[in-house]
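Visitor: This is the structure alone, sequence omitted:
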């Protein structure tokens, strides 16, 4: 059963992404192409066009190493090239996987941030 009330609107949802080294992670996301719109009290607000997240100066290793984010893009090949062109893989020693066709009808790749957070970046294949 869903709600159909005009006053119950959601305008945004953001995840709090953990960081082991807040300064390093802030630079990583800026180098990747995200804009840091604010940075106060251990929370940095990042966005890229219509998507955003909050980077926090807090980390529980078990959480960071099991934390996943997903970005749905129009052109996964362009994003894979952008990640490589940005130099973050070499500069931060992070891992990136090749683009793969997944059984859930998506072509995607994984990028791990300096704290071990897994970002799955993909596009629908149909």
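Guide: Good, I have the coordinates. Predicted model only: the values in this text are computed from it and were never measured.
Visitor: Quick check: buried residues in stretch 12-24?
Guide: For stretch 12-24, the neighbour count (16 or more other Cβ atoms under 10 Å) marks 17, 18, 19, 20, 22 as buried. (Glycine included, C-beta is placed from N, CA and C.)
Visitor: Present these as CSV; the columns should include secondary structure and pLDDT.
Guide: Putting the buried residues of stretch 12-24 into CSV (DSSP: H, G, I helix; E, B strand; the rest coil; pLDDT from 0 to 100) gives the following:
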residue, secondary structure, pLDDT
17, strand, 97
18, strand, 96
19, coil, 96
20, coil, 95
22, helix, 98
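Visitor: out of those residues, which one sits closest to residue 37?
Guide: Nearest to residue 37 among the buried residues of stretch 12-24: residue 17, at 14.6 Å, using Cβ to Cβ.
Visitor: on that earlier part again, which one of the buried residues of stretch 12-24 is nearest residue 72?
Guide: Nearest to residue 72 among these: residue 17, at 17.2 Å, using Cβ to Cβ.
Visitor: Work out the gap between the helix or strand hosting residue 36 and the centre of the chain.
Guide: Here residue 36, judged by DSSP states H and E, is contained in strand 35-40. Put simply, strand 35-40 sits 15 Å off its chain's centre (Cα atoms, centre = their mean, to the nearest Å).
Visitor: cool, and stretch 79-89?
Guide: Distance, stretch centre to chain centre, for stretch 79-89: 14 Å (Cα atoms, centre = their mean).
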